[in-house]
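[1] quick one: sequence and predicted model below, then my questions.
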Amino acid sequence: MCGIVGYVGPNLANPVLVEGLRRLEYRGYDSAGIAVMNGNGLETRKAAGKISRLEEELAASPISGNTGIAHTRWATHGAPTQCNAHPHVDCKGHIAVVHNGIIENSSVLRKQLEANGHKFVSETDTETLAHLIEEAFEGSLEDAVIDALQEVEGTYGIAVISSDDPDKIVAARKGSPLLLGIGDNEFYVASDASAILAHTRDVIYLDDGDIAVLDRKGYHVLDERSRRLSRKVSRIDWDLDQIERGGFDHFMLKEIFEQGASIENTMRGRLLDGEGTSKLGGINLSDEELLQFDNVVITACGTSWHSALIGEHMLEEMARIPVEVEYASEFRYRNPIITDRTLCIVISQSGETADTLAAMREAKNRGAFTYGIVNVVGSSIARESDGGIYVHAGPEIGVASTKAFTCQVIALLLFTLKLARLRNLSVVRGREIIEAMRALPAQIRKILDSAPRIEDLAEEFKDSTNFLYLGRGYNFPTALEGALKLKEISYIHAEGYPAAEMKHGPIALIDAEMPVVFITPHDSVFDKVVSNVQEVKARGARVIAITTGEEPALAGKIDYEIRIPPTIEMLIPVLAVVPLQLLAYYIAVKRGANVDQPRNLAKSVTVE
Ligand code: F6R
């Protein structure tokens with residue numbers, strides 16, 4: 001997804017901006033650009049494709065100055081061309097704008113501006129902003145930005161510079177994350193802290209409606225009526241090396257290997273072993289209030305939606321409360337039955353997914369208590385939810401979500417333990433669950449030891465064109481997640497299905513060319529799944545089985561076996577997903593795919 005970085009200070013802006021763009025690469029993008037004030041006026045350089053292309057442009061035609069803004073664009077309005085790349089400028093080339101989000105009324109505004117004589121050069125909605133600001137400009141850039149934004153419907157995080165009000169950046173946020181970096185007489189703006197972390201750890205997360213003005217002397221934040229606001233400076237406590245590859249070939253592999261440590265972080269300080277429950281600081285509800293809920297709705301997208309499905313099983317089984325899981329994109333436009341006795345759990349790695357954020361706001365408007373399960377600290381969902389838990393997975397850079405998923409499942413279990421113990425879960429059962437949770441990090445590390453074997457398996461299957469992933473109960477979502485991982489990074493078509501549902505249609509696809517990945521732990525539905533394996537094998541499929549031990553019942557029915565350690569039923573997805581992540585990873589690498597930045601995908605989907 002698009003990324004913004006801006007700099008004003010005594011140093012040259014270019015190196016800071018280009019380095020910042022590199023840090024934002026992981027978000028996914030298809031063009032990049034930069035605008036710098038060179039002392040006389042504005043200069044911009046843009047390129048379609050990777051940041052290295054922009055660097056070539058800059059090398060061929062250097063620009064230099066101490067104030068600048070830069071952007072990585074992920075195309076929404078108009079193709080990923082050099083012309084459509086940001087920054088966009090006004091007619092006179094005095095104002096440059098970078099923008100994340102969507103201006104929904106851009107075509108109406110564009111017609112009006114064209115009627116007033118403005119000349120557009122790109123197909124983007126963002127260019128409208130540059131012309132609107134030009135129209136409103138009377139000497140103060142912040143006043144012009146505030147006026148222009150009155151006309152705009154939609155979402156934005158923007159950074160603007162102008163040669164008519166030089167050495168200043170004006171930034172504004174509505175619905176798209178933006179933060180300020182506070183340095184020593186130098187100031188930054190960025191859509192993501194990783195872009196500026198090399199320079200400062202002191203940041204201000206802007207709220208919707210904030211307009212920030214940064215120059216060499218300082219910064220201030222205004223509201224939409226130009227009144228000064230006070231905003232808290234937060235200190236970032238994670239390191240850049242946490243977001244660097246740390247010796248692994250790809251971020252995704254590093255993040256898969258981090259899962260032992262990351263789930264330890266999710267659990268840290270939150271388990272009350274003796275009482276068989278959890279302690280959740282950010283819940284913002286008393287035990288009495290927690291007991292008032294009649295039902296739970298969990299909303300999320302993609303991988304987070306898969307963890308939600310596992311949460312549904314846990315909550316219904318142990319807390320005995322009705323749970324529904326909804327795709328956030330569907331939920332927001334339905335007329336869902338939500339009351340003030342509904343608990344709405346919102347799951348998001350980024351905390352910025354547009355559909356999830358909108359679903360959460362919808363649930364809130366209808367009176368639900370919203371509880372965020374979020375990874376990115378200070379993100380919109382984290383800040384707007386009524387209560388919540390950070391999963392503490394650390395920065396997830398690979399576009400395909402891995403460690404966030406396992407941490408989300410753990411966070412859901414922590415919440416389930418809390419609620420279930422208040423309702424009807426026995427202390428003995430609570431303790432058993434905690435014991436199993438505590439064993440997970442070592443068990444994950446053991447599974448990771450089998451990475452070379454999974455790599456060999458990937459060699460065997462890398463040329464397949466379709467895959468089926470089957471599981472039941474807690475492992476139906478695991479099957480969905482395994483299939484999603486494979487399709488998004490290797491571009492092999494893959495489907496996840498409940499193992500028994502397969503005979504109602506997908507079985508027609510099965511032949512000797514179809515690899516079928518079965519999740520067959522020794523759980524309460526094991527015997528049933530064995531029958532499903534039999535059905536598939538009888539039609540010639542090549543079967544890869546994830547098992548939890550020696551299984552005579554599977555003898556002769558499977559072609560490849562990946563063994564994971566046994567654990568309690570509800571935690572099997574946390575272990576079983578690890579070999580599936582590795583299988584997808586190695587297949588994608590062997591096919592030469594760009595694993596960390598798969599085509600067409602973005603790390604944080606901040607558009608509808
Ligand atoms: C899959 C993946 C996506 C995200 C989805 C939601 O690997 O990364 O499916 O899970 O876009 O993102 P978050 O969790 O940030 O709301």
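    Yep, that arrived.
[2] pull up the residues of the stretch 501-608 of the chain that are close to the ligand.
    Residues of the stretch 501-608 of the chain that fall close to the ligand, judged by Cβ under 6 Å from any ligand atom: Ser604, Val605. C-betas here are computed from N, CA, C, even on glycine.
[3] in the stretch 501-608 of the chain, what residue lies closest to the ligand?
    Nearest residue of the stretch 501-608 of the chain to the ligand: Val605, at 4.9 Å (Cβ to the nearest ligand atom).
[4] make sure that residue is indeed in a strand.
    No. Assessed with DSSP: H, G, I helix; E, B strand; the rest coil, Val605 is coil; it does not lie in a strand.
[5] that one: how many residues sit nearby?
    19 (other Cβ atoms under 10 Å).
[6] ok, now Ala508?
    Residues near Ala508, counting by other Cβ under 10 Å: 10.
[7] for the ligand, what's the nearest residue on the stretch 401-550 of the chain?
    For the stretch 401-550 of the chain, Cβ to the nearest ligand atom, closest residue to the ligand: Ser401, 3.5 Å.
[8] distance of that residue from Val374?
    13 Å (Cβ to Cβ, to the nearest Å).
[9] and for the two, which residues touch both?
    Gln349 (Cβ atoms under 8 Å, 6 or more residues apart in numbering).
[10] the domain parsing of this protein - what is it?
    3-236, 244-447, 451-590 (automatic domain parsing).
[11] okay, these in TSV with mean pLDDT and distance to Asp596 next?
    Shown next, in TSV, are these (pLDDT from 0 to 100; distance: least, Cβ to Cβ, whole Å):
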stretch	mean pLDDT	distance to Asp596
domain 3-236	94	6
domain 244-447	95	5
domain 451-590	96	9
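[12] how about those in TSV, adding distance to Asn600?
    Compiled in TSV, the domains of the chain are given as follows (distance: least, Cβ to Cβ, whole Å):
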stretch	distance to Asn600
domain 3-236	8
domain 244-447	10
domain 451-590	9
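[13] coming back round to it: isn't the residue of the stretch 501-608 of the chain closest to the ligand up against Gln349?
    No. Counting by Cβ atoms under 8 Å, no contact exists between Val605 and Gln349, whose distance comes to 10.8 Å.
[14] what sits against the residue in the chain positioned nearest to the ligand?
    Relative to the ligand, the nearest point of the chain is Gly302 (1.9 Å; Cβ to the nearest ligand atom). If a contact means Cβ under 8 Å, 6+ apart, then Gly302 has Ser401, Leu484 as its contacts.
[15] that one and Phe187: what is the separation?
    Counting by Cβ to Cβ, the gap from Gly302 to Phe187 is 35 Å.
[16] skip the chain neighbours and tell me the closest residue to the residue most central in space within the chain.
    With distances taken as Cα atoms, centre = their mean, the residue of the chain nearest its centroid is Ser350 (3.6 Å). Among residues not flanking Ser350 along the chain, Ser604 sits closest, at 3.9 Å (Cβ to Cβ, 6 or more residues apart in numbering).
[17] ok, Leu582 next?
    Ile454 (4.4 Å).
[18] on that earlier part again, pLDDT at the residue of the stretch 501-608 of the chain closest to the ligand, what is it?
    Confidence at Val605, expressed as pLDDT, is 83.
[19] quick one, what contacts the nearest residue to it once chain neighbours are set aside?
    Once flanking residues are discounted, Val605 sits nearest to Thr353: 5.4 Å by Cβ to Cβ, 6+ apart. By Cβ under 8 Å, 6+ apart, the contact list for Thr353 reads Cys301, Ser304, Ala328, Ile381, Ser604, Val605, Thr606.
[20] near the fifth one, how many residues? Count them for me, please.
    The tally of other residues near Ser604 (other Cβ under 10 Å) stands at 26.
[21] how much space between it and Val543?
    Taking Cβ to Cβ, one finds Ser604 at 36 Å from Val543.
[22] do the last one as well
    Counting by Cβ to Cβ, the separation of Thr606 from Val543 is 40 Å.
[23] of those two, who's got more company?
    Thr606 (27 against 22).
[24] so the more buried one touches Tyr156, yeah?
    No. Judged on Cβ under 8 Å, Thr606 makes no contact with Tyr156 at a distance of 10.4 Å.
[25] quick check: neighbours shared by these two?
    In contact with both Thr606 and Tyr156: Asn100, Gly101, Gly175, Ser176, using Cβ under 8 Å, 6+ apart.
[26] now render those as TSV, adding secondary structure.
    Shown next, in TSV, are these (three-state DSSP):
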residue	secondary structure
Asn100	strand
Gly101	coil
Gly175	strand
Ser176	coil
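[27] return the member of the residues you listed nearest to Ser385.
    Nearest to Ser385 among the shared contacts of Thr606 and Tyr156: Gly175, at 15.7 Å, using Cβ to Cβ.
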